[in-house]
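Trainee: the following block contains a protein sequence and its predicted model.
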Amino acid sequence: MKKLLFFFAIALTTTHGYAQEQGDIRIQAGSDYGYRSELFGVNLGGEYFVDKRTSFAPNFTIYLPEYGGASSLNLDLRYYFTEGTLQWYGLAGFTNNWLTVEFTDGSRRTSGRQGANIGAGGVLKFAERFAFNPEIKLQAQNRGQGVFRLGMVYFVN
């Protein structure tokens, strides 16, 4: 554990603090966990900087329920409060969730919900082109479901 902490500290001090620029693109892959639904999912997304502090970040999650299927499409706007190695942001956006339940008699029931979400997150660079991305958001359409995301970010440019 001490070696891991030492490596983490060295990585933080040796990385350069870069500011994001208009037109920058990032790709993200990670996992989501919905607190109310208790579903775990795999998430893929991207991010495009409209200007130095504002970005558009669409992402798609495929959840892994025991029976049936579930997925979520998020179209978020992020506003970055900080620059450098650790970049904090707030977000607001639109979410569309789909759920398919398979019953034992072979029948299915499909439903979808749309609504707003709001949250916050961070981008913690540990190498020149890689970063961790923890994020938490509240989805209004699911009776206030909280979603925690932990992802890995690749800086394309």
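Mentor: Received the coordinates, thanks. Numbers count the residues shown, from 1 in each chain.
Trainee: from Phe126, how far off is Leu86?
Mentor: Here the distance between Leu86 and Phe126 works out to 10 Å (Cβ to Cβ, to the nearest Å). Every C-beta, even on glycine, is put in place using the N, C-alpha and C of the backbone.
Trainee: all strands of this structure, in order?
Mentor: If you assign secondary structure with DSSP state E, the strands in the chain sit at 25-34, 39-49, 54-63, 69-80, 86-102, 108-125, 130-139, 145-155.
Trainee: neighbouring strands - and their directions - for the last one?
Mentor: Strands that pair with strand 145-155, judged by DSSP bridges, come out as strand 25-34 (antiparallel), strand 130-139 (antiparallel).
Trainee: now that strand, how far from the centre of its chain.
Mentor: Distance of strand 145-155 from its chain centroid, counting by Cα atoms, centre = their mean, to the nearest Å, is 3 Å.
Trainee: what of the longest one?
Mentor: Averaging C-alpha coordinates over strand 108-125 and over its chain gives two centres that are 9 Å apart (Cα atoms, centre = their mean).
Trainee: now the strands of the chain in TSV, with mean pLDDT and mean neighbour count?
Mentor: Compiled in TSV, the strands of the chain are given as follows (pLDDT from 0 to 100; neighbours: other Cβ atoms under 10 Å):
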stretch	mean pLDDT	mean neighbour count
strand 25-34	95	18
strand 39-49	95	18
strand 54-63	95	18
strand 69-80	94	18
strand 86-102	90	17
strand 108-125	91	15
strand 130-139	95	19
strand 145-155	94	18
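Trainee: what residues are up against the nearest residue to Asp51 once chain neighbours are set aside?
Mentor: Counting by Cβ to Cβ, 6 or more residues apart in numbering, the nearest residue to Asp51 once its immediate chain neighbours are dropped is Gln22, at 5.1 Å. The contact partners of Gln22, taken as Cβ atoms under 8 Å, 6 or more residues apart in numbering, are Phe49, Val50, Asp51, Lys52.
Trainee: could you do Arg108 as well?
Mentor: Gly68, Thr100, Val101, Glu102.
Trainee: same check, this time on Gln139
Mentor: Gln139 neighbours (Cβ under 8 Å, 6+ apart): Thr95, Asn97, Gly115, Ala116, Asn117, Gln145, Gly146, Val147.
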